[in-house]
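>>> okay, structure incoming, though there's no sequence with it:
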């Protein structure tokens, strides 16, 4: 039942802009983009362009770039440790906070992965990096992370955009203007000097808006490139940080991965001081590495809240007899599903990559497509690039254009309902772990609450949405039916196939760049751990301390960053 609203079927519920309009916060003026737009001709046109960037030949082009960025990062930190962590020799890739003793340094792992990921996005978007690893464009990293905070704020508190009209936030306005100027400059440069066709910008320059039959405007291109930078940056970076942090807490898992890397010549040892760089041929051939990645994505799904839809057209009956009334939003919470004992067994709170190896010889779960491609990408989220394109072009879009105007009118109300649904689904899983909200989000919530009653614009709709009884009752029914089905299902064991983590969603509106993300996860983890030993800094407090740093801020972040001790292997 969990996936029936997302997959292309009779119960598929199309995406609606009313839910995701907050994603447009980074572009001026706010316009639909590949993530926020409703199912329809425009989405299909831009999605097709995006997907052309993630074919196997184009991913082969970007893999050497990822390898090079990893090598730069390793060399920078080797230089820092050679100087015993001296502040005068701190690496560009991540700020050294203190000396960790002879031959070691402590760095913020989150910043390290941020820098690598942002530069990868730069190459995929424009064919050039953003100067994050070498710090040539350090201000840009600050702007990107600041814009993500703005986006998170609007997603968490849908009324905040109205509040900001009444009570402007001066510092935020400055950041918005500076980021918009940087985004405008990048897009203008791309229009004047078109980047290669294998880049996102290069493909989008050839797209025509179905509504006008003309090329995308400057503002439309800006809206798409905001998504390219922001949406693809934080999720992958967080996944890297959580997975590497988990390995640092589990020596046995780390040792098994080291053995696998050593067997493929990827581990630095006295007999192999200069390990081989990661190659395309290794993708999918490191089973324990892939198990580690899956386990990290299961435990720490970056897009923790999942995917939300609004049933705009007619009542939809799901398997089991549950009816989703017209006009009611539906959420599929990825974090909660990743911690479901009915799917993953009684030890869902444990970091145990072996659970995936035990199921490796079993068939894929019913939600995953069959077959493996030559590059080791298989299943629903691992499916081949061609399969992803086929799934994308077959998506439903019935009457979506007719509902676009209604969606804009309902945006404050429906977004408020989505916030309520999130609290009733993902929120249950998160709250039991006492996960904090980001300070800026909490402050925004207080501002929204105090100003909602005084705002005429959208206030009646918002109040009505929050008080909608039918939506709340559907949420309760969803939970009840789900629990009933779980009780009827046998608990998972090693003979049953495991369901891949839904980190990248499924169906026609799954993540366009998921293949790139999976490649980046493999390459970065293999190359960093192949050259650098990693241990959590003592102040983190081990596994329990790492878990205590979970912070829900639209994506699952590590509160306060993650100080980690880096030591060159040779």
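Looks like it arrived, so ask away. Everything numeric here is computed off the predicted structure, so don't read it as measured data.
>>> quick one: the helices in the stretch 101-250 of the chain?
Counting by DSSP state H, counting those that start in this stretch, the stretch 101-250 of the chain has these helices, from start to end: 109-126, 138-156, 160-166, 170-192, 200-204, 218-249.
>>> now, of those, which is deepest in the fold?
Mean neighbour counts were compared across those using mean count of other CB atoms under 10 Å; the top stretch is helix 109-126, at a mean of 25. For glycine as for every other residue, the C-beta is placed from the backbone atoms N, C-alpha and C.
>>> which helices and strands sit right next to that one?
With contacts taken as 3 or more CB pairs under 8 Å, 6 or more residues apart in numbering; DSSP states H and E, helix 109-126 sits against helix 56-82, helix 138-156, helix 200-204, helix 218-249, helix 514-531.
>>> now these in a markdown table, with distance to residue 300?
As requested, the helices and strands packed on helix 109-126 are exported to a markdown table (distance: least, CB to CB, whole Å):
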| stretch | distance to residue 300 |
| --- | --- |
| helix 56-82 | 21 |
| helix 138-156 | 17 |
| helix 200-204 | 26 |
| helix 218-249 | 4 |
| helix 514-531 | 12 |
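>>> dump those helices to a markdown table, plus mean pLDDT and distance to residue 308.
Formatted as a markdown table, the entries for the helices and strands packed on helix 109-126 read as follows, by pLDDT from 0 to 100; distance: least, CB to CB, whole Å:
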| stretch | mean pLDDT | distance to residue 308 |
| --- | --- | --- |
| helix 56-82 | 95 | 29 |
| helix 138-156 | 87 | 10 |
| helix 200-204 | 98 | 25 |
| helix 218-249 | 95 | 15 |
| helix 514-531 | 97 | 18 |
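>>> distance of residue 180 relative to residue 226?
Distance, residue 180 to residue 226, using CB to CB, to the nearest Å: 9 Å.
>>> what touches both of these two?
Residues within reach of residue 180 and of residue 226 at once, by CB atoms under 8 Å, 6 or more residues apart in numbering, are residue 27.
>>> taking the centroid of the protein, which residue is nearest it?
For the chain, the residue nearest the mean C-alpha position is residue 235 (2.9 Å; CA atoms, centre = their mean).
>>> is it true that that residue touches residue 303?
Yes. Counting by CB atoms under 8 Å, a contact exists between residue 235 and residue 303, whose distance comes to 6.0 Å.
>>> what sits in contact with each of these two?
Jointly contacting residue 235 and residue 303 under the rule CB under 8 Å, 6+ apart are 503, 555.
>>> from residue 47, how far out is residue 6?
Between residue 6 and residue 47 the distance, using CB to CB, works out to 15 Å.
>>> next one: residue 324
25 Å.
>>> just residue 161 next, same as before
Computed as CB to CB, the residue 161 to residue 47 distance reads 26 Å.
>>> now residue 306
When CB to CB is the yardstick, residue 306 and residue 47 sit 20 Å from each other.
>>> what about residue 265, which SS state?
For residue 265, the reduced secondary structure class is coil; criterion used: DSSP: H, G, I helix; E, B strand; the rest coil.
>>> what residues does the residue nearest to the centre of the chain make contact with?
Residues in contact with residue 235 (CB under 8 Å, 6+ apart) are 302-303, 503, 517, 555.
>>> tally of neighbours for residue 127?
When neighbours are counted by other CB atoms under 10 Å, residue 127 registers 20.
>>> how about it, nearest residue that isn't a chain neighbour?
For residue 127, the nearest residue in space outside its immediate sequence neighbours is residue 195; the separation is 4.2 Å by CB to CB, 6 or more residues apart in numbering.
>>> how far away is that neighbour from residue 201?
For residue 195, the distance to residue 201 under the criterion CB to CB works out to 5 Å.
>>> who touches both of the two?
Common neighbours of residue 195 and residue 201 are listed as 126-127 (criterion: CB under 8 Å, 6+ apart).
>>> quick one on the thing from earlier: the helices and strands packed on helix 109-126: which one's closest to residue 283?
Of all the helices and strands packed on helix 109-126, helix 514-531 sits nearest to residue 283, with 6.3 Å by CB to CB.
>>> partners of the following helix or strand past the closest one, with directions?
Using DSSP states H and E, the helix or strand that follows helix 514-531 in sequence is strand 532-536. Note on strand 532-536: by DSSP bridges, its sheet partners are strand 563-568 (antiparallel).
>>> related to what we said a few turns ago, the more surrounded of residue 6 and residue 47?
Comparing residue 6 with residue 47 by other CB under 10 Å, the one with more neighbours is residue 6, at 24 against 21.
>>> spatially, what comes nearest to the more buried one if we skip its sequence neighbours?
Nearest residue to residue 6, sequence neighbours excluded (CB to CB, 6+ apart): residue 507, at 4.1 Å.
>>> for that neighbour, helix, strand, or coil?
Each residue gets one of three states, and residue 507 gets coil by three-state DSSP.
>>> low-confidence stretches in the protein?
Where the chain drops to pLDDT under 70, the residues are 1-2, 84-102, 360-497.
>>> switch to 80 and redo it
In the predicted model, the chain carries pLDDT under 80 at residues 1-3, 83-102, 155-158, 161, 359-497, 553-554.
>>> quick one: furthest residue from the center of it?
The C-alpha centroid of the chain is most remote from residue 271, which lies 38.3 Å away (CA atoms, centre = their mean).
>>> quick check on that residue: phi, psi?
Torsion angles at residue 271 (phi, psi; degrees, to the nearest 10) stand at phi -90, psi -10.
>>> quick one: it from residue 262, how far?
10 Å.
>>> residue 53 touches residue 196, doesn't it?
No. Contact status for residue 53 versus residue 196: not in contact, 10.0 Å apart, counting by CB under 8 Å.
>>> so which of these two has more stuff around it?
Neighbours of residue 53 and residue 196, each counted by other CB under 10 Å, are more numerous for residue 53; the result is 26 against 13.
>>> that one and residue 13: what is the separation?
As for residue 53, its distance to residue 13 is 27 Å (criterion: CB to CB).
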